[in-house]
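**Q** got a structure for you, letters missing:
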């Protein structure tokens, strides 16, 4: 009996981990990309172009591994690749500027990624008619979307916030279908 229970718990844990792993993997890659970009900026500020290139290349690798669903991760990759190009030419100052642009994009990407994960959960729960869970996830998505909007002037973040606010309001009234539509609108704008 104990063995059957133990195997069942292990199987349940594995299913849970597989269901949330994509969001964790993206966040982990973005965190590692941010760490390498910070190191690149530090070395670039000291004029170490070759070390900047090494860290910027690692940052690119991790930002790309986070996926292309997040537009801010894609923008970070572009800035970091420019940093590599300039660093390879020995232009430490210009490369450092590009790394700093990449860092800003990565900071926004982290919040947008988390907002997208919660918005997807809101949409999934809304599809099942679970208005209270739509509210819970939409509120978390809203927190991260607002944090991203403090770092970026993208109009899509403002529209995402409006959609997520609508999801919270309608979900709070028990209108799961309308809340789901609003959460989907917010999710769509987060991906732009």
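**A** Yep, it's here. Bear in mind that the values here come from a model prediction, so they are computed numbers and not experimental data. Numbering: from 1, shown residues only.
**Q** Next, give phi and psi for residue 130.
**A** For residue 130, the backbone dihedrals (degrees, to the nearest 10) come out as phi -90, psi 80.
**Q** May I have the predicted confidence score for it?
**A** At residue 130, the pLDDT value in this model is 93.
**Q** so what's it up against?
**A** Residue 130 makes contacts with residue 176, as judged by C-beta atoms under 8 Å, 6 or more residues apart in numbering. Backbone N, C-alpha and C define where each C-beta goes, glycine included.
**Q** Which helix or which strand is home to the most centrally placed residue in the chain?
**A** Centrality entry for the chain: nearest residue to the mean C-alpha point is residue 113, 2.0 Å, by C-alpha atoms, centre = their mean. Assigned by DSSP states H and E, residue 113 falls within helix 92-127.
**Q** helix or strand right after that helix?
**A** Downstream of helix 92-127, the next assigned helix or strand under DSSP H and E is helix 131-151.
**Q** and that following helix with helix 92-127, angle?
**A** 160 degrees (axes from the mean of the first three to the mean of the last three C-alpha atoms, to 10 degrees).
**Q** Show me which positions of the helix or strand following helix 131-151 end up buried.
**A** The helix or strand immediately downstream of helix 131-151 is helix 155-172, counting by DSSP H and E. Across helix 155-172, burial judged by 16 or more other C-beta atoms under 10 Å covers 156-157, 159-161, 163-168, 170-171.
**Q** Then stretch 62-75?
**A** The neighbour-count criterion (16+ other C-beta under 10 Å) identifies 62, 63, 64, 66, 70, 71, 72, 73, 74, 75 as the buried residues of stretch 62-75.
**Q** Would you mark the buried spots in the helix holding residue 113?
**A** Buried, per 16+ other C-beta under 10 Å, within helix 92-127: 92, 94-123, 125-126.
**Q** That one - contacts with which helices or strands?
**A** helix 2-45, helix 49-65, helix 71-88, helix 131-151, helix 155-172, helix 176-190 (3 or more C-beta pairs under 8 Å, 6 or more residues apart in numbering; DSSP states H and E).
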